[in-house]
Each structure stands twice: as C-alpha cells, then as structure tokens.
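*Asks:* I need the structure of the sequence given here:
(2 chains)
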Amino acid sequence: MRALRPATVAAIAAATAVTVVSGCAAKNDGKGGSDKGTIEVTASDTSCELSAKEFPAGHVRFAVQNKGSKVTEVYVYAPGDRIVTERENIGPGTRTEISAEIKAGSYEIACKPGMKGDGIRQKVTVSGKGGATKRDPKLDAAVAAYRKYVQDQADQTLPAARKFADAVKDGDVEAAKKTYALSRVGWERTEPVAESFGDIDPKVDVRADGLEKGQKWTGWHKLEKSLWEEKKISGDDKTLAAQLITDLQDWQKRVGKAEITPTSMANGAKELLDEVATGKVTGEEERYSHTDLLDFHANVEGAEKAYELLKPVVAKNDPALAKELDKQFKAIGGLLDEHRDSKSADGFASYETVDKGERKKLSDGVNSLGEPLSKLAAAVAGAK
Amino acid sequence: MTHDDDTSTVNTAAEGGEAAQTTDGRAPSRRALIGWGGAGLALGAVAAGGTAAALRTGGDAQPAGADATAGSAIAFHGRHQAGIASAVQDRLHFAAFDVTTDDRDELIALLKEWTKAAARMTAGDAVGDGAVGGLAEAPPDDTGEALGLPPSRLTLTFGIGPTLFEKDGKDRFGIKERRPEALIELPKFPGDNLDKARSGGDLCVQACADDPQVAVHAIRNLARIGFGKVAIRWSQLGFGKTSSTTPDAQTPRNMFGFKDGTHNLAGTDSAALDKHVWVGEGDAKGKESWMAGGSYLVARRIRMHIEIWDRTSLREQEDIFGRNKGEGAPVGKKHERDTPHLKSMLPTAHVRLAHPDSNGGVRILRRGYSFTDGTDGLGRLDAGLFFLAYQRDVRQGFVPLQKRLAANDALNEYIQHVGSALFAVPPGVRNADDWWGRALFA
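*Replies:* Numbers count the residues shown, from 1 in each chain, chains lettered A, B, ... in the order given. So this is what the prediction gives:
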C-alpha cells in the first residue's frame, strides 16, 4: 500500500462522474417527461428485450420487468465491461427501475437470468457530445478480459481470507500464520485496481508507518504484527479479522465498476513492479512475517497478466518491446524460482533468509523488467 | 590517499581534436536552452574563429567558477578517450557495472547505444528524444535533471574489467583470449580491507564534469539504458579534484588538508603521456591490438580516519607527508614546487616513498577525487580519497608503487583501502560510427 497517485485520483473522479444516481431520479422527472426518457427492459429466462437501442446521453432510466421464472439481474456495461450500473435480485414477475448518468458511446445491456454468467446482451448506442473515441476492439477485449481477471481475483480472495479470519477468530496463531500470506495473493495481483478505491486500501493493506493521525490501524498488517511480533491474538484482533472480511467484500462488490483503460492496465502493470521495487525488495511490506516473496510473485503475476492481454497490440506496435518483456518476465520468474521452498506455508523462503547479494540480484531483476514495462503504455497508446 | 605529488597527474585538454560538437538539431539541447549563458559564449568563440584551443585549455588554472570555459564541451571523439589527460573537472560520478546478460549481441548493442548517448550528453544534448515533448503516456527518454545546464566539460570514460573476459572459468563473450596480459588481478596489499560490494566490475564509466548534476545525470541515464543488460555494482561520487594539473595551478588539498599531486604528469606533456600513460602499438600486439592508444585505470576507495588525523600534531602530520601544511613545500624547502630532497625526509614519509626517484622513475597519471559519504553509523566521517590513476601498465605502475607504500608509508595508520578495481580503458571513439569497445568485439 502506498499513497494514491494523482493518476489514480483522476481515475476515481472519472468513475464517480458516471456513477449511479438512482437516489436522485425523481429530480429529473419534470425535465424529460416521464415515459419519453425511460427505456423498457423486458427480461425473461431466454431474452432481454429493449424498447430502444439508441438514446441520448444524460440521465437515463431503465424500467425493468422480469417476466421469466428465475431471479435475474440487469447490468449496463461500458466498453471493456466496466459496470456503469447494475441491479441484482429482480424476482420473477417483479418490476424495478434503474437510473444512471450515461455519457455518449457504445454500451451493452445484460440480463442475467439466475444471476449467473455473462448474461444475455444487447448492444446500445448512446448519442450526444463528448462520447468516447472509438478504440481498437482488441484493446476493448483486453480490458474486458482484465476486468474479468480482476473480478476473479477478488472472488478467489474471499474464501482464502475467510480461512485466515476464521483462524484468527479461533485464536489459533499457527493456523493464522499459515493462511496469512495466501489470503493476500489476489489482492497483490490486482493492487493498482484495488487501490483505485481509495477508501478500501487504507483499511485493509496499510502498514504502521502509513497511518494518518487519528487513523485506527486495521487490516492484514496489523494482524501480521500480532501474529509474528506479539505472538498472540487479542480480542480486538478478532474484531479486525471480521472487519477485514467486510472490507474485502466491499472490494469484491465494487471492483467491476473500476475505471480500467488500456493505458491504465499498462501503467498498473508498471505500478505493480514499482510496488516490488519500493516495498518488497526491501522487505518493508512484510516486516514481521517476512512473506515478501509471495507478494513479490503475486505482483509480477498480476503485471504479466495485464501484459499478456495487451500483447497482441504491443507485438504489433512495438515488437522489440514485446520481445524484451517476454524475456524479462521469464528472467524474473526464474529468479523467484530460486527462492521457492516447498516446506514453507506459502511456497517461498522467508525473506529474512535472502542475503544482501541475492536481494541485489532480485532488485536488478526488478529494474530490468520495470524499465521496459514503463514503455508499455506508450506502445498501447500508439495503437490506431 | 597514496602516491602524493610526485607521481603525478596528467592534464591536457581534450586530446581528441575537434572542440565542442554542435547539436544535431534534435529535441531539446541543453545548450539551446541556456541561450547566451556560459556555454553559449564558448560556442560563439568557436563559430567566430574556430578557436578550438580556447575551449581546450582546461579551467584548471583557476577556480572553475571563474573560468570562461568551465561550461563548455570537451570533444568526445578522438585518438584517446577524453577524461584521462583532459583538464581535471571538479566533480566525479564513477560507476562500476556488472553485465547481467550473457548474450554477446545484446552487450554489443548496449555499447553502441551507450556510446551514442555519451556523445550526446558530453555535447550538452539530451538523450534520445529528450526529457520533454515526447508522448504523454510514456516516461521521457532523458531523465531531465540536466535540462538548461551547459555541457560543463562532461567527459565519459569507459573501461573493461577482467571479469568481462572470464568469470568462474567461463569465457563469457568469446573474448577470453583477447584479455591483455596487463589486465591482471591486483595482488592483495598489506592493510587492504576490501569490500567486495565496492570492488571490481565488468565495466566502468567515469563521469567527470564541472557540475555534479551533469555528472550524475550522465551515469543515471547510462544505468537506465542498461537495465536488463547491466546493473550498477557500485558507484562513487567525488568532489574537489585532488590532483594538480598544470604547473602553475594552485594545487588542491586533500581531506587531510595537504596539497596533493604537485608534480603530477602534465596533460600537455605528450612525450610523458606516451611513455607512462598510453598503451603503445608495441605493447598491444596480436590479440591485444585493440588496446593500442588505451590505458589502464586503477580505482581505489581509500577511507581516511579523519578524526584521529585531526588529533595528530602538526609536526607529525608534516613529517608523515614530508611537506609542510601551509605552503606545501618539501622538507627543508621554501616553495611547493621546489625539488624535494628525499633524504631529509623520514624514511617512512609519504612523499619520499611515492617519489619517482624511489620507484625507478615510475610515474602514473592521477585523477582522484575527495569523497564524503556522510557518516558511518559510528559517528565517524565516511570520507577519504577516491583514487583514480591511469598508466600504461599497472605491473610497472600502480602495483610496485602500492607495494612500497603499503609496507612502509607512515600514512597507513590513518588510511585504509576499502574498495579496489582495475579496468582496461580502450582507445578513443574515432567518429560517429565507432563505439566503445568496437575493436575488442570486432
């Protein structure tokens, strides 16, 4: 965890601008007429009908009717499958209304009978000024796939984190120690996206020195300290473990709305390496548990995933860069493999046992990958 | 600090030939940004009358700030590399690199890219497309901290360590048989306390400039270009050159307060340079021919025990050096440059032991710098001399000299050698098509 970067803050601001405003729906009633601005969405178990597939940008209302036999949900997706708005738990035979501020551009409306899968989708066009410029469909596909990855990571983190939290709640120090690092993997793989929700990160991944005045220390690292430094679990720690799960659920729920663009993916990959370069390679991140190498590995995996998804475009725009990145990802993987330890709970040696010379090698490896990775965003932006 | 005065530093101006290079019109030249400031005037002089000499007479005779040529450019191309016999600039950033790739072609590509960047930076130009004006989504090619600064007589001098030829018994790049015989493993000298992390290196780059920001900028950019192929093993910042360079110059003082390097080799004395510094055609035969016109560089980080020195009486200090502290005159003499009478000094006096007359006429060219890297955690100043010396063959130069000093020098009580490296410094980059180490890899 580190302080929010200006770019991240901008991304949050942008995301907020397109956010759901269902609470204010009534205010606009007089403006566009009650029925004129409303899109009828008729959902069944096999279809998703819309009364209009083109409508003007601005405040849009969707009147949803579930005529099917299953509970459904309705999503409005921006390119790259960013959730603009969604409504869950629409029971059979019920009606509901969803409302959102939508900019000009291309979107997809999805009904998900049974609340599962990608849903039945309809393409819609929102007209008006200030629409997003048309992007290479390959990049949209990359963003969508990355978003799915990010969601999967959040989904997989919850059970792992529950295991950890349960051990803490049981007062079982050894079991908690064994599950601690593993509960962080999904978070570490997708940290730049997780951090874009400025309010979650300081609750779950803050270190003692990152606390603001008056801020209560919560999250993984507080528990890490109790387990390894104090070697006992307090009543407060048990409460914190429950709180950690609540905060991670919040993340899991909101991650689909994160603003992700091809360049933010590329820069996110670079930021993951920055995390390694500043926190992990120094052993600062996991100063009590010394499980830095697993975090390190997860950061690299997350960066590699973003790169792999962007690679079809990068390989075309800057083949030399793609070649170098392939090589450096492989090299850092090889370096990390040298520190695998099948006897440890997380699969890696304790960072305490990694000597100065080996840390230097890891640091050099991070620089070797981080430098070409910093050119990824330009290679992606160069796409026509 | 070892070899005081008497062995010497050479100092010429750029031995390369042409004076300042002009910019090639690409994105932001530092000189373009400084307008009519220092370097602008220097360039004006060249344009007006081609008075390259005006640029080439180094600023050594006067404090750098007062020197009209202090901000100018030193020619990058020439028969020998700049930064050896060139007038010594006031600031240093020296870096030793480990080569991390094992791909010969990749190493060659890096050396070409480095050479190109070095030529641009010594001319006062930014690397690549510059520090500003490029793609908004990408980090700029140049790191930018030298924007607006004049070339500052930056020189970048490139060397090759023994481990590039062979490491752990392995011929790493197919050049093992081309390793020069003079590129030896330095013997262990009595009193050495060498830190491996501050010693050795496959490659080195010595950056000297009148402005520390310019020297640091150069190393930083080269390191960045090298990520993935090379990694910095160690580096050293230096200030306050410790060697005299021209006979009438004020000799700078070292961290012990003594004038140092009084009778260094003069950079303009080409006969002495040929005899003591440059590797001759005859030295570099057959597989070693790539070294003709080059030199050998010894780098030693010499820690000075400042606190105990400062508690030493003036008489003892002067006896240890064999000079007086105020004027710098040898024992029994009046002026700094009076010929020393070695026999009137203590047998363990530094000057006496280091003098060419005590060493069969051996001379080396010194370019050392003082350093102060804060304190060492015990409250002691981490300071001393970063000793740099160029010579035609270390087996006749540094090695016998240091053996004598390490065994006998009274100064040893106050100093300790903590870092050490030896590099073969190839001849100069001839033109824009040439590159650092080309002849070695040809």
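
*Asks:* nearest residue to the residue of the stretch 151-300 of chain A found nearest chain B in space, please, no chain neighbours.
*Replies:* Per CB to the nearest CB, A:Thr263 is where the stretch 151-300 of chain A lies closest to chain B, at 5.5 Å. (Each C-beta comes from the backbone N, C-alpha and C, glycine too.) Closest residue to A:Thr263 apart from its sequence neighbours, by CB to CB, 6 or more residues apart in numbering or on different chains: A:Ala377 at 4.7 Å.

*Asks:* quick one: mean pLDDT for the helix or strand in which the one you found is found?
*Replies:* With elements delineated by DSSP states H and E, A:Ala377 resides in helix A:376-381, which encompasses its position. The average pLDDT for helix A:376-381 rounds to 90.

*Asks:* contact partners of stretch A:152-160?
*Replies:* Residues external to stretch A:152-160 that are found in contact with it (CB atoms under 8 Å, 6 or more residues apart in numbering or on different chains): A:179, A:182-187, A:189-190, A:194, A:245, A:248-249, A:251-252, A:255, A:302.

*Asks:* rerun at 10 Å
*Replies:* Contact with stretch A:152-160 is made by A:165, A:179, A:181-191, A:193-194, A:245, A:248-249, A:251-256, A:298, A:301-302, A:305, as judged by CB atoms under 10 Å, 6 or more residues apart in numbering or on different chains.

*Asks:* which ones among these map onto helices?
*Replies:* With helices taken from DSSP state H, the overlap with the contacts of stretch A:152-160 comprises A:165, A:179, A:185-189, A:191, A:193-194, A:245, A:248-249, A:251-254, A:298, A:301-302, A:305.

*Asks:* distance of B:Ala117 relative to chain A?
*Replies:* Relative to chain A, B:Ala117 is positioned 14 Å away (CB to the nearest CB, to the nearest Å).

*Asks:* what kind of secondary structure is that residue in?
*Replies:* Secondary structure of B:Ala117, reduced to three states by DSSP: H, G, I helix; E, B strand; the rest coil: helix.

*Asks:* and B:Ile302, by the same measure?
*Replies:* Using three-state DSSP as the criterion, the local structure at B:Ile302 reads strand.

*Asks:* my guess is it contacts B:Ala406, does it?
*Replies:* No - applying CB atoms under 10 Å, one finds B:Ile302 not in contact with B:Ala406, separated by 11.3 Å.

*Asks:* tell me which of those two has more neighbours.
*Replies:* Neighbour totals were compared for B:Ile302 and B:Ala406, and B:Ile302 leads with 21 against 18 (other CB atoms under 10 Å in any protein chain shown).

*Asks:* circling back to that earlier point, the residue nearest to A:Thr263 - how many residues pack around it?
*Replies:* Using other CB under 10 Å, A:Ala377 has 25 neighbouring residues.

*Asks:* residue contacts, it?
*Replies:* Contacts for A:Ala377 were tallied using CB under 10 Å, 6+ apart; they are A:261-270, A:310, B:135-139.

*Asks:* quick one on the thing from earlier: which of the contacts of stretch A:152-160 are buried? Put it as a PyMOL command.
*Replies:* Listed next is the PyMOL selection for buried residues among the contacts of stretch A:152-160, using 16 or more other CB atoms under 10 Å in any protein chain shown:
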select buried, chain A and resi 165+179+181+182+183+184+185+186+187+188+189+190+191+193+194+245+248+251+252+254+255+256+298+301+302+305
